[in-house]
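> here is the input, now give the coordinates:
(2 chains)
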Amino acid sequence: MLAYLVRRILYALPILIGVNLLTFALFFVVNKPDDMARMHLGVKHVTPAAIERWKQEHGYDKPLFYNPASETGNAFTDTIFFTKSVRLFIFDFGNADDGRNITYDITQRMWPSLAIAIPTLLVGLLVYITFAMTLAFFRATYIDYAGVILAVVLMSISGLFYIIGGQYLVSKLLHLVPISGYATGLTAIKFLILPVLIGVIGSIGSNSRWYRTIFLEEINKDYVRTARAKGLSERVVLFKHVLKNALIPILTGIVVILPMLFMGNLILESFFGVPGLGSYTIDAIRQQDFAIVRAMVFLGSVLYIIGLILTDISYTIVDPRIRLGGS
Amino acid sequence: MAEQTQILKVENLHTWFRGDGRIARAVDGVSFTINKGETFALLGESGCGKSVTSLSIMRLVPEPGGKIVQGRVNLHGQDLLQLPETQMRDVRGSRIAMIFQEPMTSLNPVLKIGEQIEETAVRHKTLKEGQTARQKAIELLNAVGLPDAQRRYSEYPHQLSGGMKQRVMIAIALAGDPELLIADEPTTALDVTIQSQVLQLLRELQGETHMAVMLITHDLGVVAEMADRVAVMYAGQIVEQADRETFFKAPKHPYSIKLFESLPNRTKRNQRLAVIQGSVPSLATEFKGCRFEPRCQFAIEDCKNNVPVWQSFDELGEETGVLCHRFDPRFESQFSEPVQKIFDAVAQSDDPVTTRGFKELLKVNELKVHFPIQKGLFKRTVGHVRAVDGVSIDIPQGKTLALVGESGCGKTTVGKGILQLISPTAGSVNLDNEELTNLAKHQMRQRRKDIQIIFQDPFSSMNPRMMVADIIEEGMVAQRVGGDKQKRQTRIDELLNQVGLSPEVKYRYPHEFSGGQRQRICIARALAVEPKLIICDEPTSALDVSVQAQILNLLKELQDKFGLAYLFITHNLSVVEYLAHNVAVMYLGRIVETGTVEEVLENPLHPYTKALLSAVPQVDIDSERKVIRLRGELPSPANPPVGCHFNPRCAKAWQECRNGYPSARSVSPTHSVRCYLYQEN
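Coordinates of the predicted model:
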């Protein structure tokens, strides 16, 4: 198990290097520092001198990979690649264009993101599993058919509709909670209820349908017939035998996205004005602040790899048949 | 016959399945009774409705789709079909218990086996969960002969072998002290030696608890061994019912007679096996006459137009009887031949095996296939699974060598090693004086023309998205045989004719065929490149007996016609008796005994061969045979026992057997054995 994990982490290194090189190529070779400067300065102010000054101010005045004229004598470290990309590996994201420290911003803004993401996940799981199990219990009856149609309808509606519709109905007409905004402490709850609710509703269709398929697949297996032949009630068969097996794909499917919760929800946070990492990323893209975007892309890759490793570990916990590393 | 206590009485049971706008009458008017303490066997081929009958008794017919539409299932006079579901649950697992065919999938993979046994006990025996329930589970594990019950209690199903899982299933069934145990093909998925252990266990438990057993099986041997009374099912109906002696001495229904005739064995070696023409009719059809009529050799015009009426033999009780016009007083006289004589007229086409020159075709010498076991951070090789560990076999042209052994002994790996589908670790494979192990990839590709393989599962071994013609043609194109496109098409027609299919089927897809027809297509595909040797890897074990007979006949016919050699990999000894010239018995990666069929089967020397032969259930109910029951199960080839690999399970083992692996000793020019019993001088 330990050997397996060490090996998986070692495999992750070349992936991260690849991600790093690709983002570097996208941000500095395709879109050169000169282009970035032009964009920031605006058409009216572009002069060769202004571009040079902007590059100097933001640390883009060095060669990409090799700097023979370096004053400090470090031809390799005194380059854009080293200062902007290699330092990502020690999670030193540098400063944003407005001079703020990106690492500090991330540690500040991840909490509002989690405050939305975690309740959405937990409430969602409860709702989707309950809904899916109900459909599985009433399989091939009109309740099942109606449930599946409802799920397809919910799936077919754009997520934006739920947000705008929810804000209009709950906030504007009924005045139950504020339309958008955020606060710290307990007062945050009134700002969080609506985005969490909409996050859950937005995914009911696809997730419940998927979970229902998993339940039905398990219900048709031989061991369920054995359980029924024991004289167990349908409730025990469903909750003790089927649920335990169906939870294996459901839980491991969730573990992989668990670390990604930190990254926040781009759309929900922007619409509800929540100062999380999702809106942070959106704002950075809008303002062409590529230092932040690069940091978020790299962070996302790291978290995704962690998610995959956690998935493997979670399999060994929930499924007695699987042991890692063949030991 | 003494009056017995009736437990179960099934009357006129009808179970239907709806689907695709049609109704399949899976069970169509079935009646029988089961008495206390007896074993009642329900015999039939796949799709005849025997499993649905048992599920109907338990009211576990899969819904939606399946429905019991008519009939009564009386348990001590109480109609189970009228009970509300909640009361039916008190019957299931307690008064009637059930075990299933696939012990591998019938246990819940994420629950400890102890918990799964306890569950039944707690549900029906008002035991408290906890210490007493645990005690009961361990008691039951001991009762079903699972060694080390204390430890096994907290193991998961995947940690157990197939035989052990079936024992756990039996323990679950016993937990409710049932009056009736329904066993649906309980040993079909198991090896013969394990099968004999499980059957023995069932018999012992039956002796102790006096429960009745309803045994559902397709295996006449198992019926002969276990049953007190037999009912034969065909197309949703019981067509014959009799006690064991009457049935095995003189089966009456033409279908039963054919079942016996299609069984391969040694006495039929030089004959074609009887086959049942055609296939089982679709259960969705509306039957106007006898369901077996289109396939029956005795059928007369009246069989087509009159639904047969149950003819009971009064002196033996109302239930013993047959569903056939030949025994109906109204039609009896129209059948020209007397009943008994027809039975004796076994197909006697004399077709002696053509003796060809003993030219060696395949010589395998000390073949080894080892798979590394890797561990740790850098996947160091810490050991080897010795799947094949020094196997030497010869096959002359036009002959059949049967490689016999239980699952896990490495026989399939031998086949793959010969084909170079796995590159052997050591040893030589010599085909027609050419060494295959040294050939470069492109050279080997050309040689593949000479060796072909047929697999166990004909369906999964064909690409479902290719038409039959393309499947057969592919090999010809790859090997550049069969000429141009026009000639290849003619050849495909010819091949399909040879395997007994009409050339018109060549534009169809594999799923449109039955199992036997699919295996014929696989044989045609193998023949297309005109091979010298065909490796047949359990080619009939997925098929019904009557279909198996067709395939065996075909293989034999093709051998006589084209001088093909076969390496026949199988665990079915009666097939070996019928088809093979030479036999090699394999145990844990090595050949323990080899010789001609007569030598090995009539005079087995190795204790393992003896045990294997004795474990096969015999159809001949008069044969006095003593079953040698092996202890335990096949050990892991990663860590084989020291000395002779068989010594921990061998009744005759002594000190010397643990010292080293015995060398081969010849007892005749063709017969050799590796065992210390035969080492002295």
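> hmm, residue B:447 and residue B:479 touching each other?
No: at 9.8 Å, residue B:479 does not count as touching residue B:447 under the criterion of CB atoms under 8 Å. Bear in mind the C-beta positions are built from the backbone N, C-alpha and C, glycine included.
> so where is the stretch 551-681 of chain B shaky, pLDDT-wise?
Across the stretch 551-681 of chain B, the ranges flagged by pLDDT under 70 are B:624, B:680-681.
> tell me which other helices or strands the strand or helix carrying residue B:168 touches.
Using DSSP states H and E, the element containing residue B:168 is helix B:162-174. Under the contact criterion of 3 or more CB pairs under 8 Å, 6 or more residues apart in numbering or on different chains; DSSP states H and E, helix B:162-174 touches strand B:96-99, helix B:103-106, helix B:113-125, helix B:131-143, helix B:192-209.
> residues making contact with the longest one?
Just to be clear, that refers to helix B:192-209. With contact meaning CB atoms under 8 Å, 6 or more residues apart in numbering or on different chains, helix B:192-209 is reached by B:37, B:39, B:143-145, B:161-163, B:166-167, B:170, B:174, B:177, B:181, B:183, B:186-187, B:190, B:211, B:213, B:222, B:225-226, B:406, B:571, B:573, B:611-612, B:614-617, B:627, B:629-630, B:633.
> what parts of the stretch 1-150 of chain B come near chain A?
Within the stretch 1-150 of chain B, the positions adjacent to chain A are B:58, B:60, B:62-64, B:86, B:89-94, B:97-98, B:100, B:102, B:105-111, B:119-120, B:123-124 by CB under 8 Å from any CB of the partner chain.
> could you look up the SS state of residue B:30?
strand (DSSP: H, G, I helix; E, B strand; the rest coil).
> need the buried ones from the contacts of helix B:192-209 selected in ChimeraX.
Typed into ChimeraX, the line below selects the buried ones among these, using 16 or more other CB atoms under 10 Å in any protein chain shown:
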select /B:37,39,143,144,145,161,162,163,166,167,170,174,181,183,186,187,190,211,213,222,225,226,406,571,573,611,612,614,615,616,617,627,630,633
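> list buried residues within the residues of the stretch 1-150 of chain B next to chain A.
Among these, the ones that count as buried by 16+ other CB under 10 Å are B:58, B:60, B:89, B:91-94, B:97-98, B:100, B:102, B:105-111, B:119-120, B:123-124.
> shaky segments in the stretch 51-200 of chain A?
Scanning the stretch 51-200 of chain A for pLDDT under 70 picks out A:70-71, A:73.
> let me fix that: chain B
B:1-3, B:314-317, B:336-358, B:624, B:680-681.
> near chain A, which residues of it show up?
Going by CB under 8 Å from any CB, the residues of chain B near chain A are B:58, B:60, B:62-64, B:86, B:89-94, B:97-98, B:100, B:102, B:105-111, B:119-120, B:123-124, B:156, B:158, B:169, B:172, B:176, B:373-377.
> please repeat the previous calculation with a cut-off of 6 Å.
Selection of chain B residues close to chain A by CB under 6 Å from any CB of the partner chain yields B:60, B:64, B:89, B:92-94, B:98, B:102, B:105-110, B:120, B:123, B:156, B:158, B:376-377.
> ok, now which ones touch residue 318?
No chain was given, so I picked chain A. Going by CB atoms under 6 Å, 6 or more residues apart in numbering or on different chains, residue A:318 touches A:248, A:251.
> right idea, wrong chain: chain B
Counting by CB under 6 Å, 6+ apart, residue B:318 has contacts residue B:312.
> tell me which element it falls in.
Residue B:318 belongs to no helix or strand, assigned by DSSP H and E.
> ok, back up a step: the helix holding residue B:168: what's the following helix or strand?
Sequence-wise, the next helix or strand downstream of helix B:162-174 (DSSP H and E) is strand B:180-184.
> next, the angle from that next one to helix B:162-174.
For strand B:180-184 against helix B:162-174, the angle by axes from the mean of the first three to the mean of the last three CA atoms, to 10 degrees is 150 degrees.
> show me what strand B:180-184 is packed against.
Judged by 3 or more CB pairs under 6 Å, 6 or more residues apart in numbering or on different chains; DSSP states H and E, the packing partners of strand B:180-184 are helix B:50-58, strand B:96-99, strand B:212-217.
> return the most buried member of those.
Ranked by mean neighbour count, the helices and strands packed on strand B:180-184 are led by strand B:96-99 with a mean of 28 (mean count of other CB atoms under 10 Å in any protein chain shown).
> helices and strands around it, which ones?
With contacts taken as 3+ CB pairs under 6 Å, 6+ apart, strand B:96-99 sits against helix B:162-174, strand B:180-184.
> give me phi/psi at the residue nearest the centre of chain A?
Nearest to the mean C-alpha position of chain A, by CA atoms, centre = their mean, lies residue A:260 at 3.5 Å. Per-residue torsions, residue A:260: phi -70, psi -10 (degrees, to the nearest 10).
> pull the contacting residues for it.
When contacts are counted by CB under 6 Å, 6+ apart, residue A:260 touches residue A:303.
> confidence score at it?
Here, the pLDDT recorded for residue A:260 equals 82.
> longest helix in chain A, please.
Criterion DSSP state H: the longest helix present in chain A is helix A:102-137.
> domain parsing for chain A?
As given by automatic domain parsing, the domain ranges for chain A are A:2-90, A:108-326.
> which of those domains sits most buried?
Among the domains of chain A, ranked by average contacts under mean count of other CB under 10 Å, first place goes to domain A:108-326 (a mean of 18).
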